[in-house]
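Chemist: turn this into a structure:
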Amino acid sequence: MKTDYFQCGRFRFPLTPGKFRPLVMGILNVTPDSFSDGGKFHSIDTALSHAEQMIADGVDIIDIGGESTRPGAPPLSLEEELRRVMPLVYALRDCGKPLSIDTYKPEVMREALHAGADMINDINGFRADGALEAVNQSDCALCIMHMQKDPLTMQLSPEYQDVMQDVVQFLRERVVAFDEEGIDRRRLCVDPGFGFGKTVEHNYALLRDLGRIAEDTGLPILAGMSRKSMVGAITGKPVEQRLAGSLAAALAAVARGAAIVRVHDVAETVDALKVWMAVESTKQG
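Modeler: Numbers count the residues shown, from 1 in each chain. Predicted coordinates for the structure are as follows:
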């Protein structure tokens, strides 16, 4: 059964068919080693400036990440992740936009929610001990992502019998775990995890049939493909030249039912979605 709105902490986004505009989640990495913008917004001042620019560009949700989860990335200590993330949560909690925290650590989840975060975006699907307990008493949004293995090993020969079936089955099982905790499904969205334990072929198979995930789970889909290697593999372009390919991937995702696109290039994505929405509204009219 599909939900009628998406509860995101202090914010609520209606999911009314024909009226819902796909949301743009802007990436704010405060890491020295992320695959695309590592070190670019590492200081609090540059990170805040970038967040302000994203707000001016029309971002809907700001996703703050303190730990790189690029392929091959080693884990980060809890203390260092808190040191990177928490000053931004405190500085931006009254910015007028929902704040999402990209973390798989229950301790970071608790601290961020206490400070005013509106969403937790967990690449590990809230499988860590204590993760569900850390979020079950709040009204924050929760993004459940599929990942095979972990960032250090996920791209070492990923294999599936049927990638779509395996991803859908995983997401279904995780939703059941949330149901058992009594967590309202209107707080949930799901992410197939493009690039997290998938080959290029796996990624495009998931994108081609993305609507099946929404149909099978009944939940909004978050799609994150911005500047990833799946774009580079097709275009032959390095990370800094993947804007056009990333926009094409984002539009392909929303055309197949994605409710949220997670991107580096907010202004360009917002413009692309405005044109897409104009075409869709003309069709409906």
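Chemist: other SSEs contacting the helix or strand hosting residue 109?
Modeler: Using DSSP states H and E, residue 109 sits within helix 106-115. Packed against helix 106-115, as judged by 3 or more CB pairs under 8 Å, 6 or more residues apart in numbering; DSSP states H and E, are the following elements: helix 78-92, strand 99-102, strand 119-122, helix 131-135. C-betas here are computed from N, CA, C, even on glycine.
Chemist: swap the cut-off to 7 Å and go again
Modeler: Using 3 or more CB pairs under 7 Å, 6 or more residues apart in numbering; DSSP states H and E as the contact definition, the elements that helix 106-115 packs against are helix 78-92, strand 99-102, helix 131-135.
Chemist: any idea how far residue 111 is from residue 89?
Modeler: Taking CB to CB, to the nearest Å as the measure, residue 111 falls 8 Å from residue 89.
Chemist: oh sorry, the question was meant for residue 196
Modeler: From residue 196 over to residue 89 the distance is 24 Å, taken as CB to CB.
Chemist: before we move on, what about residue 222?
Modeler: As for residue 222, its distance to residue 89 is 20 Å (criterion: CB to CB).
Chemist: as TSV, the helices and strands packed on helix 106-115 with mean pLDDT and distance to residue 24 would be great.
Modeler: Conversion of the helices and strands packed on helix 106-115 to TSV gives the following (pLDDT from 0 to 100; distance: least, CB to CB, whole Å):
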stretch	mean pLDDT	distance to residue 24
helix 78-92	96	16
strand 99-102	98	12
helix 131-135	98	23
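Chemist: just say which of those is most tucked in.
Modeler: Each of the helices and strands packed on helix 106-115 was assessed for mean neighbour count using mean count of other CB atoms under 10 Å. The highest is strand 99-102, with a mean of 28.
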